[in-house]
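1. build me a model from this:
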Amino acid sequence: MHRVRTLCLLAFGALALSGCNLVVMNPSGDIADQQAQLIVYATVLMLIVIIPVIALTIFFAIKYRASNEDAPYEPEWHHSISLEVVVWSVPMAIIIFLAGLTWVATHRLEPYHDIKRIDAETPLDPSVKPLTIQVAAMDWKWVFFYPEQGVATVNELAAPVDRPIEFYITSTTVMNSFYVPALAGMIYAMPGMQTELNAVINEEGVFKGLSANYSGEGFSHMNFEFIATADEAGFDEWVQKVQSEGEDLDLDGLSKLNHPTVDHPVQYFGSYDENSWNRLVNKCVDEDDLCLNDMMMADALGGGGIDGLFNREQFRGLCSAENPGAIMALIRPGKQDLEKDIIAAMTDLPTDPRAQN
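-> As a prediction, the model looks like this:
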């Protein structure tokens with residue numbers, strides 16, 4: 001009776017699993033497909049050791065059980081050169097082969113590198129330009145910017161089949177993880193930084209995207225749909241839909257969008273401010289925030305002290321600002337009223353303030 005019950009449970013489990021969509025092992029993108037193959041190869045290599053060990057464990061447990069009086073009893077046995085050779089050489093060979101396989105695959109699938117092919121049978125056409133998509137992880141939603149098309153969306157991503165995609169990824173709050181299992185592996189989204197992912201989708205459909213890194217209250221709702229259109233025409237239709245149905249996203253709207261929300265609905269923006277991505281990466285979405293790149297430039301020039309003011313004047317041609325104002329006017333454009341005062345102070349500086357020490 002116990003055996004029948006066990007068999008029934010196994011059959012039920014197999015039936016239940018047969019309805020699962022194991023997307024990681026059956027993806028729709030070439031990068032994810034290569035990653036799935038790597039999982040299979042690594043698993044098979046490890047099973048070369050695991051299966052014999054399990055089988056021998058069962059064999060020895062049965063053969064040398066206490067009730068089996070016919071089994072040889074050798075209490076003085078302690079060493080076998082042949083057994084040592086097998087025990088050490090086989091795992092070492094597997095580890096060496098697995099290390100080489102992983103090394104090659106890791107460099108081939110480097111997410112920062114441009115893809116080399118569309119799929120296993122289709123080489124990449126050098127004339128095809130990758131689709132650039134900027135991805136921002138917010139609490140608790142995903143915002144996608146299309147700089148070439150001039151549109152933005154919340155919790156909906158789209159791209160045409162067989163066209164390379166170049167993702168630039170950041171976060172406005174805590175570290176997150178951008179993951180579309182059918183497309184490619186997960187890539188971290190980190191505040192104040194920009195990571196990259198190059199991939200391609202090979203099948204038309206609607207795929208699930210999600211956050212793969214716990215980020216707080218709304219984490220479980222931080223999902224989005226990835227729409228893979230059949231061709232460029234279908235993608236253009238999607239872009240036109242976003243443009244016609246979407247509103248304008250200015251910097252004030254971006255600041256409001258950055259506020260935490262849970263289970264945020266899909267939202268379209270027909271246009272957005274060109275400085276949006278720079279502000280998101282440099283963590284200065286709000287007007288009063290000091291951008292990280294401006295802070296780093298100020299620190300590199302000596303900070304806000306007298307040395308900093310002198311260096312700012314000396315290396316003006318190497319900086320990004322064309323305004324002849326002082327560093328305060330550069331990093332805080334809203335305080336132009338201080339520009340004249342600071343320039344006047346700089347005029348009174350000696351040729352090199354450090355020479356007075």
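2. how deep is the closest residue to residue 38 other than its chain neighbours tucked in, by neighbour count?
-> Leaving aside its sequence neighbours, residue 38 sits nearest to residue 105 (C-beta to C-beta, 6 or more residues apart in numbering; 4.9 Å). Yep, even glycine has a C-beta here, placed from its N, CA and C like the rest. Counted with other C-beta atoms under 10 Å, the neighbours of residue 105 add up to 16.
3. same check on residue 147?
-> 15.
4. wait, a helix at the residue nearest to residue 38?
-> Yes - with DSSP: H, G, I helix; E, B strand; the rest coil as the criterion, residue 105 is part of a helix.
5. residue 134: which element?
-> strand 131-138 (DSSP states H and E).
6. list the neighbouring strands of that strand plus their orientation.
-> Applying DSSP bridges to the sheet, strand 131-138 is found paired with strand 141-146 (antiparallel), strand 165-171 (parallel).
7. that one: which residues count as buried?
-> 131, 133, 134, 135, 136, 137, 138 (16 or more other C-beta atoms under 10 Å).
8. what are the bridge partners for the third one, then?
-> The bridge-partner assignment for residue 134, based on DSSP bridges, gives residue 145, residue 168.
9. list the contacts for it?
-> 144, 145, 146, 147, 167, 168, 169, 170, 277 (C-beta atoms under 8 Å, 6 or more residues apart in numbering).
10. report the distance from stretch 179-194 to the chain centre.
-> Centroid separation for stretch 179-194 versus its chain: 1 Å, with C-alpha atoms, centre = their mean, to the nearest Å.
11. so where's the stretch 1-150 of the chain shaky on pLDDT?
-> 1-21 (pLDDT under 70).
12. on that earlier part again, relative to residue 268, which of the strands paired with strand 131-138 is closest?
-> strand 141-146 (10.5 Å; C-beta to C-beta).
13. what distance do you get for residue 244 to residue 271?
-> Distance, residue 244 to residue 271, by C-beta to C-beta, to the nearest Å: 12 Å.
14. more neighbours, the two?
-> Ranked by neighbour count (other C-beta under 10 Å), residue 244 and residue 271 place residue 271 first, with 16 against 9.
15. now do the SS call for residue 270.
-> strand.
16. how many other residues sit next to it?
-> 19.
17. for the nearest residue to it once chain neighbours are set aside, give me its contacts.
-> Once flanking residues are discounted, residue 270 sits nearest to residue 246: 3.7 Å by C-beta to C-beta, 6+ apart. Under the criterion of C-beta under 8 Å, 6+ apart, the neighbours of residue 246 are 151, 152, 153, 267, 268, 269, 270, 271.
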